[in-house]
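Asks: Requesting a structural model of the entry that follows:
(one chain, ligands or ions: 1)
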Amino acid sequence: MASIVHVLGARPNFVKAAPVIEALRAAGAEQAVIHTGQHYDERMSEIFFRELGLPEPDVNLGVGSGSHAAQTAGLMLGLEREFTSRSPALVIVYGDVNSTIAAALVAAKLHIPVAHVEAGLRSFDMTMPEEVNRRLTDQLSDLCLVTSPEAIGHLAAEGVPVGRTHFVGNPMIDTLLKNLDAFDTAKVRAEHDLPARYVLATLHRPANVDSARTAAALVRHLHGIADLADLVIPVHPRGRANLLAAGLDDHPAVRVLDPLGYIDFIAAVRGAAAVVTDSGGLQEETTILGVPCLTVRPNTERPITITHGTNRLVAFEGLVPETRKALEAERPAGTRVTPPLWDGAAGPRIAEVILEFLVD
Ligand code: UD1
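Replies: Numbering: from 1, shown residues only. Predicted coordinates for the structure are as follows:
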């Protein structure tokens, strides 16, 4: 039986887990991967496993979509069965998705230690399901593995004993740096017939796309951006119906794509003049790639991408003027100060902390 179990469910989990699994494999650890099936489309899941060299999951629970309660309940039932039969020495969870909190809660009740990768990030916005998931997962975790220094203070303020917190850096950036040579912007331009200069948008947060009215307002501003430059938008399945119903592709300069795999997506980001997003991970990836990032949210749990990176928060009304500014600005030359420990070696540091914990 494997002694370390990784629980993966949704697209961003795969990108964060790849370097951790690789480092633990290199250290000879016994490990298994449980895919919850929260994401299940080929383009939301399998393609990431292939491209990132992730091992085939030992089991896929096939939980799929549903309301928060239905999905979380399904995740918990499936994970309880697996954890009970596998009796792992440690469960590793990633990020802030429903699979993360479900796994932490089930493991804690079975007295199985939990390691949380990307602990301590806070948007302080409890209307976001991710903030609920983060806070509760950290309370249940024996190891809080931190990607950004301010997270240490957040965890301490919530009473997490300091000994549980380890500043290890950002494994999502390990994956980015490892694949830098594979991000072929010319190839992705040719394959998707993209113009030389374009803005890339990704929008899937419930607050932006779940209401038809809000989605329609967003589309009006996106059309405003498309008046300035071509707008390429790989559409996450969550917002697809509302954004298209609001006429997203009724503008000659808007190009709607299906979700892209990791390599093509980051290649498209790398080649973009600016990015418009409400994703968490993309705020970090654009920080390292030096691509201007406009985040369509009132807050971010990743403030280091503003202080050290290219990110800025914008309201709908700010989208057109801020995009114009980003398109007109000279890109700063030379090297920028990157966030500490976003250096490509977070995976091995995480493996070291985990293996030490298991020996003690
Ligand atoms: C989830 C995470 C979010 C993360 C995002 C990354 C939670 C609460 N949210 O949001 O933090 O940023 O993943 O993508 O865990 N769907 C498909 N095919 C799929 C997966 C989803 O069509 O493979 C559609 C379904 O209509 C589903 C909807 O997308 O109802 C939402 O999927 P879900 O996993 O519940 O949340 P995401 O919006 O993807």
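Asks: can you give me the helices in the stretch 51-200 of the chain?
Replies: Taking DSSP state H, counting those that start in this stretch as the test, the helices found in the stretch 51-200 of the chain are 68-86, 98-109, 129-140, 150-157, 171-178, 185-192.
Asks: And the contacts of the first one?
Replies: If you take Cβ atoms under 8 Å, 6 or more residues apart in numbering as the criterion, helix 68-86 is touched by 1-2, 5, 7, 9, 32, 34, 36, 38, 59, 61, 63-66, 91, 98-99, 101-103, 105-107, 110, 112, 129. In this view, the C-beta of every residue, glycine as well, is placed from N, C-alpha and C.
Asks: Just the buried residues of the residues you listed.
Replies: In the contacts of helix 68-86, burial by neighbour count holds for 2, 5, 7, 9, 32, 34, 36, 38, 59, 61, 63, 91, 98-99, 101-103, 105-107, 112, 129, counting by 16 or more other Cβ atoms under 10 Å.
Asks: what residues does the protein put near the ligand?
Replies: By Cβ under 6 Å from any ligand atom, the part of the chain that sits against the ligand consists of 10-12, 38-41, 44, 65, 71, 96-98, 129-130, 204, 236-238.
Asks: Can I have the buried ones of the residues you listed as a PyMOL selection?
Replies: Here is the PyMOL command that picks out the buried ones among those, judged by 16+ other Cβ under 10 Å:
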select buried, resi 10+11+12+38+39+40+44+71+96+97+98+129+130+204+236+238
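Asks: need the helices of the stretch 51-200 of the chain in TSV with mean pLDDT, can you?
Replies: Output for these, formatted as TSV (pLDDT from 0 to 100):
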stretch	mean pLDDT
helix 68-86	98
helix 98-109	98
helix 129-140	98
helix 150-157	98
helix 171-178	98
helix 185-192	95
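Asks: export those helices to TSV and tack on distance to His308?
Replies: Listed next are those as TSV, based on distance: least, Cβ to Cβ, whole Å:
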stretch	distance to His308
helix 68-86	33
helix 98-109	25
helix 129-140	21
helix 150-157	11
helix 171-178	12
helix 185-192	24
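Asks: among these, which is nearest Gly261?
Replies: helix 185-192 (10.2 Å; Cβ to Cβ).
Asks: who does that closest one touch, helix- and strand-wise?
Replies: When contacts are defined as 3 or more Cβ pairs under 8 Å, 6 or more residues apart in numbering; DSSP states H and E, helix 185-192 packs onto helix 262-270.
Asks: now the angle between helix 185-192 and the helix it packs on, please.
Replies: Put simply, helix 262-270 runs at 110 degrees to helix 185-192, going by axes from the mean of the first three to the mean of the last three Cα atoms, to 10 degrees.
Asks: excluding its backbone neighbours, what's nearest whatever residue of the stretch 101-250 of the chain ends up closest to the ligand?
Replies: Proximity of the stretch 101-250 of the chain to the ligand (Cβ to the nearest ligand atom) peaks at Pro237, 3.2 Å away. Excluding the flanking residues, the one nearest Pro237 by Cβ to Cβ, 6 or more residues apart in numbering is Asp41, at 6.7 Å.
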